[in-house]
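# Predicted model, plus sequence, below.
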Amino acid sequence: MSAARNWTLAIIGLLGGNLAAMAVIAVTAHADQAQIIPAYDVAAAHYDDTMAEAERSHALGWSATAALHDGEIEVQLVDERGVVMRDARVRVGGYQRSRAVDRFDVQLAASGDGSYRAPLRAAGLYDVTIVVQRGATVFTQRRAVEAR
């Protein structure tokens, strides 16, 4: 075999491998219904509103932690003095990153220990927005939470 023929075969092999890889990726992306974040352009258009909301929530001094385990989401709330909040209404909305098109919005039920819970579907990484209402005061916090 000549060097020219070896180089020609190598180039054809690389191009063929590239085409095969692109075909596999295209079929996989279509079969899994991979999606971009729904209404991303709307969220971007309201970025200033989102930042103002975050500043108002930060000024309250409250904090929320979220955990996903045993098929449910659990939120713990602490007020500005570090006291667990037991008298709030809590809603969580979001999506699993691998299935952004499947959004959820659930009202959490208060449990006796000061946590708020609701069932959640599956394991994975979630982007969630926690909305807490206590009287006329509204607190919002965005988090990434992993369910195992």
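Sure, I can see it.

# Helices of the chain, residue ranges please.
Counting by DSSP state H, the chain has these helices, from start to end: 3-31, 40-45, 47-60.

# and of the ones you listed, who's closest to Gly114?
helix 47-60 (17.6 Å; C-beta to C-beta). Bear in mind the C-beta positions are built from the backbone N, C-alpha and C, glycine included.

# in that closest one, what's buried?
The neighbour-count check on helix 47-60 (16 or more other C-beta atoms under 10 Å) flags Glu53, Ser57 as buried.

# Show me what that helix is packed up against.
Secondary-structure packing of helix 47-60 (3 or more C-beta pairs under 8 Å, 6 or more residues apart in numbering; DSSP states H and E): strand 137-147.

# how close does Gly135 sit to Leu19?
Look at Gly135 and Leu19: by C-beta to C-beta, to the nearest Å, they are 62 Å apart.

# Report the beta-bridge partners for Gln133.
Beta-bridge partners recorded for Gln133 (DSSP bridges): Arg89, Val138.

# For it, give its distance to Val90.
Taking C-beta to C-beta as the criterion, Gln133 is separated from Val90 by 8 Å.

# Then Ala45?
Look at Ala45 and Val90: by C-beta to C-beta, they are 27 Å apart.

# out of these two, which sits in the more crowded spot?
Neighbours were counted for Ala45 and for Val90 using other C-beta atoms under 10 Å; Val90 has more, 25 against 10.

# does the more buried one really touch Val128, like I thought?
No: taking contact to mean C-beta atoms under 8 Å, the distance of 11.3 Å between Val90 and Val128 leaves them out of contact.

# neighbours of the closest residue to Gly93 other than its chain neighbours, just the number please.
For Gly93, ignoring the flanking residues on the chain, the nearest one in space by C-beta to C-beta, 6 or more residues apart in numbering is Asp105 at 4.0 Å. The tally of other residues near Asp105 (other C-beta under 10 Å) stands at 11.

# Fine by me, we can end here.
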